[in-house]
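K.L.:
Need a 3D model of the sequence below.
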Amino acid sequence: MQPQRREAKDHRAELFELIRTRSFGRGRIKLASGRESDFYFDLKPTMLHAAGAAYIAEAICDALADVPVDYIGGLEMGAVPLATAAAQASHLRGRAMHAFFVRKNRRSTAPRSWSRGWARPSPSRAATS
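P.N.:
Modelled structure (predicted):
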């Protein structure tokens, strides 16, 4: 079944507002590197928000509109919500970009345990974060 093609709306202002309210903070914070900063970004609250995920997915699809990509993904924690949302948005636009993710550590209990979602048809082109 072919998806109905729909016009993408520019949601950058709404995305910016979600990032500002959910993912940006001021104040003295110790970063993972051990350094200190007066501000920080934690995009997970925006990525996992229903509208935030949709807006980010639309932005990813816009950025890759003219790039021949079959798969989109990256390292597991960040890639799973973003790649899944972008794959869904690409389907709704009538262009299939399939999602995949790569694990940091190999699972000993599963074959092909470094990645999931990668079907490897030939030829394949992937975009990673």
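
K.L.:
what's the helix or strand for the residue nearest the centre of the chain?
P.N.:
Per C-alpha atoms, centre = their mean, the C-alpha nearest to the average position across the chain is that of residue 82, at 2.0 Å. Following DSSP states H and E, one finds residue 82 within helix 76-92.

K.L.:
between the next helix-or-strand element following that helix and helix 76-92, what angle do the directions make?
P.N.:
Sequence-wise, the next helix or strand downstream of helix 76-92 (DSSP H and E) is strand 98-102. Strand 98-102 and helix 76-92 are oriented at 170 degrees to each other (axes from the mean of the first three to the mean of the last three C-alpha atoms, to 10 degrees).

K.L.:
Using CSV, list the CA coordinates for strand 98-102.
P.N.:
Once non-C-alpha atoms are left out, strand 98-102 reads as follows in CSV (Å, rounded to 0.1, in the frame of the first residue of the first chain):
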residue,chain,number,x,y,z
HIS,A,98,14.6,2.5,7.0
ALA,A,99,15.9,2.7,10.5
PHE,A,100,18.8,0.9,12.1
PHE,A,101,21.0,1.2,15.2
VAL,A,102,24.4,0.0,16.2
